[in-house]
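**Q** quick one: sequence and predicted model below, then my questions.
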Amino acid sequence: MAGPAVSNYTGSTNTFDLVAREIERRYGEDEVEKYDPYTNTLTFAKWASLGYCVKRNQRAIRSITFVEKKDKDGNVTKRYKRTVCLFYYLQVEKKKV
């Protein structure tokens, strides 16, 4: 899949490696070369907004992200880990009308 970035991926190499290892485990080395965190590995909600649905019996690829809580002045007061469930493009299909 090609096109503009549609995910919220921020460029973390740890996240990239974590997801790439899982894609390799599930689909093989060839698919790792096709992995693009900006366009083809998205959350359920993002795939749905693009007109796709997750195929039956597919399991999410779990990743983590860090969320920052800011005060009213914009200063970071707290940073916490959040699990994100992603689906690779092989796990979704165009919605049937």
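**A** Perfect, I can see it now. Residues are numbered from 1 along each chain as shown.

**Q** chain center to the longest strand along the chain, what's the gap?
**A** As assigned by DSSP state E, the longest strand anywhere in the chain is strand 76-88. Averaging C-alpha coordinates over strand 76-88 and over its chain gives two centres that are 11 Å apart (C-alpha atoms, centre = their mean, to the nearest Å).

**Q** packing partners for the following helix or strand past it?
**A** Following strand 76-88 in sequence order, the next helix or strand is strand 92-94 (DSSP states H and E). The elements that strand 92-94 packs onto, with contact taken as 3 or more C-beta pairs under 8 Å, 6 or more residues apart in numbering; DSSP states H and E, are strand 52-54. Glycine gets a C-beta too; all of them are placed from N, C-alpha and C.

**Q** does anything pack onto the strand it packs on? Which helices or strands?
**A** Short answer (3+ C-beta pairs under 8 Å, 6+ apart): strand 52-54 packs on helix 44-49, strand 92-94.

**Q** now do the buried residues in the helix or strand bottoming out on mean pLDDT in the chain.
**A** Lowest on mean pLDDT, DSSP states H and E among the helices and strands of the chain sits strand 61-70, with a mean of 90. Residues I61, S63 are the ones in strand 61-70 that count as buried (16 or more other C-beta atoms under 10 Å).

**Q** got it, and stretch 41-61?
**A** T41, L42, T43, W47, Y52, V54, A60, I61.

**Q** hang on, the earlier thing: which stretch among the helices and strands packed on strand 52-54 comes nearest G74?
**A** helix 44-49 (26.5 Å; C-beta to C-beta).

**Q** show me the shaky parts of the protein.
**A** 1-4 (pLDDT under 70).

**Q** which residue sits farthest out from the middle of it?
**A** D73 (30.3 Å; C-alpha atoms, centre = their mean).

**Q** what helices or strands is the lengthiest helix in the chain leaning on?
**A** In the chain, with assignment by DSSP state H, the single longest helix is helix 13-27. Applying 3+ C-beta pairs under 8 Å, 6+ apart, we find helix 13-27 packed against helix 29-34, strand 61-70, strand 76-88.

**Q** note down every partner strand of the last one and its orientation.
**A** Sheet pairing for strand 76-88, assigned by DSSP bridges, gives strand 41-43 (antiparallel), strand 61-70 (antiparallel).

**Q** that concludes my questions; thank you for your assistance.
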